[in-house]
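Q: Sequence and predicted structure below; questions after.
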Amino acid sequence: MSAETWDTVPLAPPDSIFKLTAAYKADPHPQKINLGVGAYRDDDSKPWVLPVVRKASHILLNDPALDHEYLPITGLPEFVSGAARLILGASSPALAEGRVVSVQTISGTGANHLGALFLSRYYHFNGEKVVYLSDPTWVNHFAIFRNVGIEPKTYPYYDPKTIGLDYAGFVKALEDAPERSVFLLHACAHNPTGVDPTEEQWAKVADVVLAKKHYAFFDTAYQGFASGDLDHDAKAVRYFVQRGVPMLVCQSFAKNAGLYGERVGALHLISPTKEAADRVRSQLSVLQRSEISNPPSYGARVVALILNTPELFEEWKADVHTMAGRIIEMRKELHRLLTEELHTPGNWDHIVKQIGMFSFTGITPEQSKALTERDHIYLTVNGRISMAGLNRSNIRYFAEALDRVVRGVAPA
(Lines give C-alpha, C1' and ligand atoms only; values in the text may rest on other atoms or scores of the structure.)
Protein backbone atom coordinates (compact mmCIF):
# COMPACT_ATOMS: atom_id res chain seq x y z
CA MET A 1 0.00 0.00 0.00
CA SER A 2 1.24 3.48 -0.84
CA ALA A 3 2.63 5.56 2.02
CA GLU A 4 0.63 8.50 0.69
CA THR A 5 -3.07 8.18 -0.13
CA TRP A 6 -3.67 11.85 -0.98
CA ASP A 7 -6.94 11.70 0.98
CA THR A 8 -6.45 15.27 2.18
CA VAL A 9 -6.35 16.67 -1.37
CA PRO A 10 -9.64 18.51 -1.96
CA LEU A 11 -11.60 17.72 -5.11
CA ALA A 12 -11.50 20.81 -7.32
CA PRO A 13 -14.57 21.80 -9.33
CA PRO A 14 -14.29 21.38 -13.12
CA ASP A 15 -13.42 24.44 -15.19
CA SER A 16 -16.72 26.19 -15.95
CA ILE A 17 -16.08 26.75 -19.67
CA PHE A 18 -14.87 23.22 -20.36
CA LYS A 19 -17.77 21.81 -18.30
CA LEU A 20 -20.16 23.86 -20.44
CA THR A 21 -18.58 22.50 -23.63
CA ALA A 22 -18.86 18.92 -22.38
CA ALA A 23 -22.56 19.43 -21.58
CA TYR A 24 -23.13 20.88 -25.05
CA LYS A 25 -21.44 17.92 -26.74
CA ALA A 26 -23.55 15.45 -24.73
CA ASP A 27 -26.83 17.21 -25.61
CA PRO A 28 -28.67 15.44 -28.49
CA HIS A 29 -31.00 18.41 -29.18
CA PRO A 30 -30.88 19.27 -32.91
CA GLN A 31 -30.98 23.04 -32.37
CA LYS A 32 -28.41 23.27 -29.57
CA ILE A 33 -26.01 26.24 -29.70
CA ASN A 34 -22.64 26.63 -27.99
CA LEU A 35 -22.05 30.29 -27.10
CA GLY A 36 -19.60 29.55 -24.29
CA VAL A 37 -16.25 28.71 -25.83
CA GLY A 38 -13.90 31.44 -27.01
CA ALA A 39 -13.04 29.97 -30.40
CA TYR A 40 -14.01 31.14 -33.87
CA ARG A 41 -16.53 29.15 -35.87
CA ASP A 42 -17.52 29.66 -39.49
CA ASP A 43 -21.09 30.13 -40.71
CA ASP A 44 -21.59 26.35 -40.53
CA SER A 45 -20.48 26.26 -36.85
CA LYS A 46 -17.25 24.51 -37.87
CA PRO A 47 -13.69 25.32 -36.75
CA TRP A 48 -11.96 27.32 -39.49
CA VAL A 49 -8.37 26.61 -40.44
CA LEU A 50 -7.19 29.89 -41.94
CA PRO A 51 -6.23 29.46 -45.64
CA VAL A 52 -2.94 31.27 -44.98
CA VAL A 53 -2.16 28.83 -42.15
CA ARG A 54 -2.77 25.89 -44.50
CA LYS A 55 -0.45 27.49 -47.04
CA ALA A 56 2.29 28.21 -44.50
CA SER A 57 2.02 24.68 -43.09
CA HIS A 58 2.37 23.24 -46.60
CA ILE A 59 5.51 25.30 -47.20
CA LEU A 60 7.03 24.16 -43.90
CA LEU A 61 6.23 20.47 -44.45
CA ASN A 62 7.91 20.59 -47.84
CA ASP A 63 11.03 22.36 -46.60
CA PRO A 64 13.90 19.79 -46.68
CA ALA A 65 15.86 21.93 -44.21
CA LEU A 66 13.15 21.69 -41.52
CA ASP A 67 14.32 19.88 -38.40
CA HIS A 68 13.06 19.18 -34.89
CA GLU A 69 15.93 20.60 -32.88
CA TYR A 70 15.43 22.58 -29.68
CA LEU A 71 14.59 26.25 -30.09
CA PRO A 72 16.54 28.82 -28.07
CA ILE A 73 15.20 29.27 -24.51
CA THR A 74 13.60 32.59 -25.44
CA GLY A 75 12.05 31.15 -28.60
CA LEU A 76 12.32 31.19 -32.38
CA PRO A 77 14.13 34.48 -33.15
CA GLU A 78 12.20 35.26 -36.34
CA PHE A 79 8.92 34.61 -34.51
CA VAL A 80 9.58 36.79 -31.46
CA SER A 81 10.94 39.67 -33.56
CA GLY A 82 7.96 39.51 -35.92
CA ALA A 83 5.51 39.28 -33.04
CA ALA A 84 7.06 42.34 -31.40
CA ARG A 85 6.79 44.34 -34.65
CA LEU A 86 3.17 43.28 -35.01
CA ILE A 87 2.01 44.57 -31.62
CA LEU A 88 4.43 47.50 -31.16
CA GLY A 89 4.68 48.66 -34.77
CA ALA A 90 7.65 48.26 -37.11
CA SER A 91 8.76 51.86 -36.45
CA SER A 92 8.52 51.63 -32.65
CA PRO A 93 11.36 53.62 -31.03
CA ALA A 94 11.47 51.04 -28.22
CA LEU A 95 12.37 48.36 -30.77
CA ALA A 96 14.89 50.58 -32.58
CA GLU A 97 16.59 51.40 -29.26
CA GLY A 98 16.83 47.75 -28.21
CA ARG A 99 14.62 48.28 -25.14
CA VAL A 100 12.15 45.46 -25.83
CA VAL A 101 12.65 42.02 -24.35
CA SER A 102 10.60 39.41 -26.25
CA VAL A 103 10.18 35.79 -25.18
CA GLN A 104 8.14 33.06 -26.89
CA THR A 105 5.56 31.61 -24.49
CA ILE A 106 2.92 28.91 -24.26
CA SER A 107 0.26 31.12 -25.85
CA GLY A 108 -1.24 34.06 -23.94
CA THR A 109 -1.70 32.04 -20.75
CA GLY A 110 2.03 31.33 -20.66
CA ALA A 111 2.81 34.99 -21.35
CA ASN A 112 0.59 36.04 -18.45
CA HIS A 113 2.28 33.49 -16.20
CA LEU A 114 5.84 34.40 -17.17
CA GLY A 115 5.11 38.13 -16.85
CA ALA A 116 3.48 37.64 -13.46
CA LEU A 117 6.33 35.39 -12.29
CA PHE A 118 8.92 37.97 -13.32
CA LEU A 119 7.08 40.76 -11.49
CA SER A 120 6.71 38.60 -8.39
CA ARG A 121 10.50 38.14 -8.31
CA TYR A 122 11.80 41.53 -9.39
CA TYR A 123 9.15 44.28 -9.32
CA HIS A 124 9.41 46.67 -6.37
CA PHE A 125 5.82 46.53 -5.13
CA ASN A 126 4.64 49.36 -2.91
CA GLY A 127 3.73 47.17 0.06
CA GLU A 128 2.10 43.78 -0.50
CA LYS A 129 2.30 42.07 -3.88
CA VAL A 130 -1.00 43.03 -5.48
CA VAL A 131 -2.34 43.21 -9.04
CA TYR A 132 -5.49 45.09 -10.00
CA LEU A 133 -7.79 43.21 -12.39
CA SER A 134 -10.86 44.60 -14.15
CA ASP A 135 -14.25 43.57 -12.76
CA PRO A 136 -14.97 41.30 -14.58
CA THR A 137 -11.95 39.79 -16.33
CA TRP A 138 -10.83 36.50 -17.84
CA VAL A 139 -11.29 34.19 -14.87
CA ASN A 140 -7.88 32.54 -15.32
CA HIS A 141 -6.14 35.82 -14.44
CA PHE A 142 -6.94 35.24 -10.75
CA ALA A 143 -5.29 31.80 -10.60
CA ILE A 144 -2.28 32.86 -12.67
CA PHE A 145 -1.36 35.67 -10.27
CA ARG A 146 -2.19 33.78 -7.09
CA ASN A 147 0.04 30.93 -8.24
CA VAL A 148 3.06 33.25 -8.17
CA GLY A 149 2.22 34.93 -4.88
CA ILE A 150 0.54 38.08 -6.21
CA GLU A 151 -2.90 38.75 -4.74
CA PRO A 152 -5.55 39.97 -7.20
CA LYS A 153 -7.83 42.89 -6.37
CA THR A 154 -10.48 44.22 -8.72
CA TYR A 155 -11.17 47.68 -10.11
CA PRO A 156 -14.53 48.89 -11.49
CA TYR A 157 -14.82 48.37 -15.23
CA TYR A 158 -18.23 47.13 -16.36
CA ASP A 159 -21.37 49.10 -15.52
CA PRO A 160 -24.42 46.80 -15.57
CA LYS A 161 -26.75 49.82 -15.66
CA THR A 162 -25.43 50.98 -19.03
CA ILE A 163 -24.01 47.61 -20.13
CA GLY A 164 -20.92 49.66 -20.91
CA LEU A 165 -17.72 50.99 -19.37
CA ASP A 166 -17.68 52.36 -15.83
CA TYR A 167 -15.12 54.93 -16.92
CA ALA A 168 -15.41 57.14 -13.83
CA GLY A 169 -14.97 54.13 -11.54
CA PHE A 170 -12.01 52.90 -13.58
CA VAL A 171 -10.18 56.24 -13.42
CA LYS A 172 -10.95 56.68 -9.72
CA ALA A 173 -9.45 53.26 -8.98
CA LEU A 174 -6.27 54.28 -10.81
CA GLU A 175 -6.14 57.51 -8.83
CA ASP A 176 -6.86 55.88 -5.45
CA ALA A 177 -4.46 52.93 -5.79
CA PRO A 178 -1.05 53.26 -4.08
CA GLU A 179 1.76 54.53 -6.27
CA ARG A 180 3.55 51.90 -8.37
CA SER A 181 0.52 49.59 -8.42
CA VAL A 182 0.25 46.97 -11.17
CA PHE A 183 -2.88 47.22 -13.34
CA LEU A 184 -3.80 44.52 -15.83
CA LEU A 185 -5.35 46.14 -18.92
CA HIS A 186 -7.06 44.44 -21.85
CA ALA A 187 -5.55 45.96 -24.99
CA CYS A 188 -8.69 45.47 -27.11
CA ALA A 189 -11.87 43.36 -27.25
CA HIS A 190 -12.15 43.13 -23.47
CA ASN A 191 -12.86 39.60 -22.24
CA PRO A 192 -15.59 38.96 -21.18
CA THR A 193 -17.53 42.20 -21.78
CA GLY A 194 -16.52 43.34 -25.27
CA VAL A 195 -16.41 46.87 -23.82
CA ASP A 196 -13.31 48.94 -24.65
CA PRO A 197 -12.30 52.50 -23.71
CA THR A 198 -12.29 55.11 -26.47
CA GLU A 199 -9.01 56.64 -27.64
CA GLU A 200 -9.73 59.72 -25.52
CA GLN A 201 -10.40 57.54 -22.47
CA TRP A 202 -7.18 55.59 -23.04
CA ALA A 203 -5.30 58.91 -23.08
CA LYS A 204 -6.73 59.85 -19.67
CA VAL A 205 -5.92 56.37 -18.32
CA ALA A 206 -2.31 56.82 -19.50
CA ASP A 207 -2.19 60.25 -17.79
CA VAL A 208 -3.18 58.77 -14.44
CA VAL A 209 -0.93 55.71 -14.82
CA LEU A 210 2.05 57.99 -15.42
CA ALA A 211 1.12 60.41 -12.62
CA LYS A 212 0.79 57.56 -10.12
CA LYS A 213 3.88 55.69 -11.45
CA HIS A 214 1.77 52.57 -12.03
CA TYR A 215 2.85 49.55 -14.08
CA ALA A 216 0.69 48.52 -17.07
CA PHE A 217 0.34 44.76 -17.61
CA PHE A 218 -1.32 44.52 -21.05
CA ASP A 219 -3.07 41.34 -22.15
CA THR A 220 -3.79 41.21 -25.87
CA ALA A 221 -5.43 38.04 -27.14
CA TYR A 222 -7.55 39.57 -29.91
CA GLN A 223 -5.36 41.83 -32.08
CA GLY A 224 -7.17 42.06 -35.42
CA PHE A 225 -10.16 40.19 -34.06
CA ALA A 226 -11.79 43.29 -32.60
CA SER A 227 -12.00 45.58 -35.63
CA GLY A 228 -10.54 43.45 -38.40
CA ASP A 229 -7.52 45.80 -38.51
CA LEU A 230 -4.30 44.62 -36.84
CA ASP A 231 -2.89 48.13 -36.48
CA HIS A 232 -6.09 49.64 -35.14
CA ASP A 233 -6.36 47.01 -32.42
CA ALA A 234 -2.78 47.74 -31.30
CA LYS A 235 -3.39 51.47 -30.80
CA ALA A 236 -3.70 51.42 -27.00
CA VAL A 237 -0.48 49.43 -26.56
CA ARG A 238 1.47 51.62 -29.00
CA TYR A 239 0.14 54.78 -27.39
CA PHE A 240 1.27 53.67 -23.93
CA VAL A 241 4.74 52.83 -25.30
CA GLN A 242 4.89 56.25 -26.97
CA ARG A 243 3.96 57.92 -23.68
CA GLY A 244 6.75 56.06 -21.86
CA VAL A 245 4.49 54.06 -19.54
CA PRO A 246 6.35 51.25 -17.71
CA MET A 247 4.74 48.13 -19.16
CA LEU A 248 4.75 44.65 -20.57
CA VAL A 249 2.50 43.00 -23.15
CA CYS A 250 1.16 39.43 -23.26
CA GLN A 251 0.36 38.31 -26.80
CA SER A 252 -1.52 35.32 -28.19
CA PHE A 253 -1.96 33.96 -31.71
CA ALA A 254 -4.69 31.48 -30.72
CA LYS A 255 -7.58 33.58 -31.95
CA ASN A 256 -6.20 35.74 -34.75
CA ALA A 257 -4.35 32.84 -36.41
CA GLY A 258 -6.77 30.09 -35.36
CA LEU A 259 -3.87 28.22 -33.74
CA TYR A 260 -5.70 27.39 -30.50
CA GLY A 261 -4.05 24.04 -29.91
CA GLU A 262 -0.54 25.06 -31.00
CA ARG A 263 -0.10 27.44 -28.02
CA VAL A 264 1.72 30.27 -29.81
CA GLY A 265 2.35 33.40 -27.76
CA ALA A 266 4.91 35.96 -26.66
CA LEU A 267 5.77 38.21 -23.75
CA HIS A 268 7.18 41.66 -24.53
CA LEU A 269 8.62 43.73 -21.70
CA ILE A 270 9.51 47.35 -22.52
CA SER A 271 12.53 48.48 -20.54
CA PRO A 272 13.73 52.06 -19.96
CA THR A 273 17.20 51.32 -21.40
CA LYS A 274 18.99 48.67 -23.46
CA GLU A 275 21.14 47.84 -20.43
CA ALA A 276 18.03 47.16 -18.36
CA ALA A 277 16.62 45.06 -21.21
CA ASP A 278 19.73 42.87 -21.21
CA ARG A 279 19.35 42.22 -17.47
CA VAL A 280 15.63 41.48 -17.80
CA ARG A 281 16.25 39.11 -20.71
CA SER A 282 18.82 37.18 -18.71
CA GLN A 283 16.40 36.59 -15.83
CA LEU A 284 13.43 35.76 -18.06
CA SER A 285 15.67 33.13 -19.67
CA VAL A 286 16.41 31.64 -16.25
CA LEU A 287 12.71 31.52 -15.35
CA GLN A 288 11.73 30.03 -18.72
CA ARG A 289 14.49 27.40 -18.50
CA SER A 290 13.24 26.17 -15.11
CA GLU A 291 9.68 25.72 -16.37
CA ILE A 292 9.61 24.64 -20.03
CA SER A 293 13.30 24.76 -21.08
CA ASN A 294 12.40 25.55 -24.69
CA PRO A 295 9.12 26.57 -26.31
CA PRO A 296 7.50 24.41 -29.02
CA SER A 297 8.45 25.08 -32.61
CA TYR A 298 5.66 24.18 -35.07
CA GLY A 299 3.15 26.96 -34.38
CA ALA A 300 5.91 29.53 -34.00
CA ARG A 301 7.33 28.55 -37.40
CA VAL A 302 3.91 28.92 -39.02
CA VAL A 303 3.35 32.37 -37.55
CA ALA A 304 6.94 33.48 -38.26
CA LEU A 305 6.54 32.53 -41.93
CA ILE A 306 3.29 34.51 -42.13
CA LEU A 307 4.70 37.56 -40.34
CA ASN A 308 7.91 37.69 -42.36
CA THR A 309 6.59 36.89 -45.85
CA PRO A 310 4.84 39.95 -47.35
CA GLU A 311 2.51 37.89 -49.56
CA LEU A 312 1.44 35.63 -46.68
CA PHE A 313 1.08 38.59 -44.33
CA GLU A 314 -1.38 40.26 -46.72
CA GLU A 315 -3.34 36.99 -46.97
CA TRP A 316 -3.43 36.75 -43.18
CA LYS A 317 -4.80 40.28 -42.89
CA ALA A 318 -7.58 39.27 -45.27
CA ASP A 319 -8.33 36.13 -43.21
CA VAL A 320 -8.43 38.16 -39.98
CA HIS A 321 -10.78 40.63 -41.66
CA THR A 322 -13.02 37.73 -42.70
CA MET A 323 -13.32 36.47 -39.11
CA ALA A 324 -13.89 39.90 -37.59
CA GLY A 325 -16.31 40.82 -40.36
CA ARG A 326 -18.50 37.77 -39.77
CA ILE A 327 -18.69 38.54 -36.04
CA ILE A 328 -19.60 42.17 -36.73
CA GLU A 329 -22.27 40.96 -39.17
CA MET A 330 -23.74 38.70 -36.45
CA ARG A 331 -23.83 41.63 -34.01
CA LYS A 332 -25.77 43.73 -36.51
CA GLU A 333 -28.21 40.94 -37.32
CA LEU A 334 -28.87 40.07 -33.66
CA HIS A 335 -29.48 43.76 -32.92
CA ARG A 336 -31.85 43.99 -35.89
CA LEU A 337 -33.84 40.93 -34.85
CA LEU A 338 -34.21 42.07 -31.24
CA THR A 339 -35.07 45.69 -31.99
CA GLU A 340 -36.87 45.71 -35.34
CA GLU A 341 -38.58 42.33 -35.59
CA LEU A 342 -39.12 41.02 -32.07
CA HIS A 343 -39.26 44.40 -30.28
CA THR A 344 -37.58 42.77 -27.28
CA PRO A 345 -37.99 44.92 -24.14
CA GLY A 346 -34.95 47.00 -23.22
CA ASN A 347 -32.17 48.75 -25.08
CA TRP A 348 -29.98 46.40 -27.13
CA ASP A 349 -27.58 48.95 -28.64
CA HIS A 350 -24.75 47.46 -26.57
CA ILE A 351 -24.77 44.44 -28.89
CA VAL A 352 -23.34 46.59 -31.71
CA LYS A 353 -21.32 48.93 -29.48
CA GLN A 354 -19.33 46.12 -27.89
CA ILE A 355 -16.45 44.69 -29.88
CA GLY A 356 -14.65 41.41 -30.45
CA MET A 357 -15.58 37.79 -29.88
CA PHE A 358 -17.64 38.25 -26.72
CA SER A 359 -20.72 40.19 -25.80
CA PHE A 360 -22.22 40.81 -22.39
CA THR A 361 -25.95 40.54 -23.03
CA GLY A 362 -27.00 42.09 -19.72
CA ILE A 363 -29.37 39.24 -18.85
CA THR A 364 -29.52 37.75 -15.34
CA PRO A 365 -28.03 34.43 -14.19
CA GLU A 366 -31.56 33.02 -13.95
CA GLN A 367 -32.28 34.02 -17.55
CA SER A 368 -28.95 32.55 -18.68
CA LYS A 369 -29.77 29.24 -16.97
CA ALA A 370 -33.22 29.23 -18.57
CA LEU A 371 -31.67 29.57 -22.03
CA THR A 372 -29.46 26.55 -21.33
CA GLU A 373 -32.05 24.35 -19.62
CA ARG A 374 -35.07 25.17 -21.80
CA ASP A 375 -33.61 26.12 -25.14
CA HIS A 376 -30.33 24.16 -25.20
CA ILE A 377 -28.30 27.37 -25.65
CA TYR A 378 -25.05 27.04 -23.74
CA LEU A 379 -23.62 30.26 -22.29
CA THR A 380 -21.95 31.31 -19.05
CA VAL A 381 -24.29 32.27 -16.20
CA ASN A 382 -23.08 35.89 -16.26
CA GLY A 383 -24.78 36.37 -19.63
CA ARG A 384 -21.61 36.41 -21.74
CA ILE A 385 -21.99 34.98 -25.22
CA SER A 386 -19.41 34.18 -27.87
CA MET A 387 -20.62 35.95 -30.99
CA ALA A 388 -18.59 33.45 -33.03
CA GLY A 389 -21.10 30.75 -32.05
CA LEU A 390 -23.90 32.52 -33.94
CA ASN A 391 -24.50 32.10 -37.66
CA ARG A 392 -27.21 32.62 -40.24
CA SER A 393 -28.75 29.22 -39.43
CA ASN A 394 -29.14 29.67 -35.67
CA ILE A 395 -29.29 33.39 -34.96
CA ARG A 396 -33.08 33.64 -35.24
CA TYR A 397 -33.55 30.69 -32.89
CA PHE A 398 -31.26 32.39 -30.38
CA ALA A 399 -32.91 35.79 -30.74
CA GLU A 400 -36.39 34.32 -30.21
CA ALA A 401 -35.23 32.36 -27.15
CA LEU A 402 -33.55 35.47 -25.73
CA ASP A 403 -36.72 37.45 -26.34
CA ARG A 404 -38.75 34.86 -24.41
CA VAL A 405 -36.49 34.83 -21.33
CA VAL A 406 -36.43 38.63 -21.24
CA ARG A 407 -40.24 38.68 -21.36
CA GLY A 408 -40.50 35.80 -18.88
CA VAL A 409 -42.49 33.72 -21.37
CA ALA A 410 -42.15 29.93 -21.57
CA PRO A 411 -41.50 28.29 -24.96
CA ALA A 412 -44.63 27.41 -26.90
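A: On my side now, so go ahead.
Q: Only C-alpha atoms from now on, for both contacts and neighbour counts.
A: Fine.
Q: if I pick the residue nearest the centre of the chain, what's in contact with it?
A: With distances taken as C-alpha atoms, centre = their mean, residue 221 lies nearest the centre of the chain, 3.2 Å away. With contact set as C-alpha atoms under 8 Å, 6 or more residues apart in numbering, residue 221 has these partners: 108, 250-256.
Q: Residue 3: neighbour count?
A: 5 (other C-alpha atoms under 10 Å).
Q: What does the pLDDT read for it?
A: Looking at residue 3, its pLDDT is 78.
Q: Could you shift the numbering so residue one becomes 246, and keep it that way?
A: In the new numbering, first residue 246, that becomes residue 248.
Q: measure it to residue 416 for me?
A: 55 Å (C-alpha to C-alpha, to the nearest Å).
Q: now the contacts of residue 466 in TSV, with secondary structure, pLDDT and distance to residue 347?
A: Formatted as TSV, the contacts of residue 466 follow (DSSP: H, G, I helix; E, B strand; the rest coil; pLDDT from 0 to 100; distance: C-alpha to C-alpha, whole Å):
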residue	secondary structure	pLDDT	distance to residue 347
353	helix	97	13
495	strand	98	10
496	strand	98	10
497	strand	98	13
498	coil	97	15
499	coil	96	18
500	coil	95	20
501	coil	95	19
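Q: and of the residues you listed, the nearest to residue 473?
A: Taking C-alpha to C-alpha as the measure, residue 473 lies nearest residue 501 of the contacts of residue 466, at 9.6 Å.
Q: If you average the pLDDT over the helix or strand hosting residue 484, what comes out?
A: Using DSSP states H and E, residue 484 sits in helix 480-488. Mean pLDDT, computed over helix 480-488, is 98.
Q: Which strands or helices does that helix pack on?
A: Secondary-structure packing of helix 480-488 (3 or more C-alpha pairs under 8 Å, 6 or more residues apart in numbering; DSSP states H and E): helix 322-333, helix 444-456.
Q: and for the shortest one, what are the contacting residues?
A: The one in question is helix 322-333. Outside helix 322-333, the residues that reach it (C-alpha under 8 Å, 6+ apart) are 336-337, 340, 347-349, 468, 475-476, 479, 482-483, 486, 511, 513, 545-546, 548-549, 552-553.
Q: Below-threshold pLDDT in this structure: ranges please.
A: By pLDDT under 70, the low-scoring segments of the chain are 246-247, 657.
Q: if we can go back for a sec, need the winner for burial among the helices and strands packed on helix 480-488.
A: With neighbours defined as mean count of other C-alpha atoms under 10 Å, these peak in mean count at helix 322-333, which reaches a mean of 21.
Q: now that helix and helix 480-488, what's the angle there?
A: 90 degrees (axes from the mean of the first three to the mean of the last three C-alpha atoms, to 10 degrees).
Q: do you know how far the residue nearest to the centre of the chain is from residue 284?
A: For residue 466, the distance to residue 284 - C-alpha to C-alpha - is 12 Å.
Q: where do the contact lists of the two overlap?
A: Common neighbours of residue 466 and residue 284, counting by C-alpha under 8 Å, 6+ apart, are residue 500.
Q: show me what contacts residue 503?
A: By C-alpha under 8 Å, 6+ apart, the contact set of residue 503 is 284-285, 293-295.
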